[in-house]
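Asker: Need a 3D model of the following:
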Amino acid sequence: MSMEPNTVNGHRNMPAVIKTCPRCGAFFECLHAPQCWCAAIELTKKARRELAARYSGCLCPECLAAIAAGAPVESGRAH
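Answerer: Numbering: from 1, shown residues only. Predicted coordinates:
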């Protein structure tokens, strides 16, 4: 019996990880996979650059949605 890792589109499925949003402090689930909730949020190139410059990790769904809707990247404790 083969012990191949589970994959989706060539990426290993990893268990979800509970993270803390560096923008607002909320806890959220990160899937580390192309089918993660964050892949569905469309951000401008400018917003992506600002996020990469300001934060080293993932943001929660509420913060990413707010930024996609035009909220400032730097805002904190939004919810």
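
Asker: So, low pLDDT: which residues of this protein?
Answerer: Within the chain, the segments meeting pLDDT under 70 span 1-14, 75-79.

Asker: For the residue most central in space within it, what are phi and psi?
Answerer: The centre of the chain sits closest to Cys58, judged by C-alpha atoms, centre = their mean, with a distance of 4.1 Å. Per-residue torsions, Cys58: phi -70, psi 150 (degrees, to the nearest 10).

Asker: Nearest spatial neighbour of it, chain-adjacent residues omitted?
Answerer: Nearest residue to Cys58, sequence neighbours excluded (C-beta to C-beta, 6 or more residues apart in numbering): Cys30, at 5.2 Å. Quick note: C-beta positions are derived from backbone N, CA and C, even for glycine.

Asker: cool, and Leu31?
Answerer: Spatially, and ignoring its direct neighbours in sequence, Leu31 is nearest to Ala16 (5.2 Å; C-beta to C-beta, 6+ apart).

Asker: What is the longest helix along the chain packed up against?
Answerer: Longest helix of the chain, by residue count under DSSP state H: helix 45-54. When contacts are defined as 3 or more C-beta pairs under 8 Å, 6 or more residues apart in numbering; DSSP states H and E, helix 45-54 packs onto helix 61-68.

Asker: can you list contacts of the helix it packs on?
Answerer: If you take C-beta atoms under 8 Å, 6 or more residues apart in numbering as the criterion, helix 61-68 is touched by 21, 23-24, 26, 28, 37-38, 41-43, 47, 51, 59, 71, 73, 75, 78-79.
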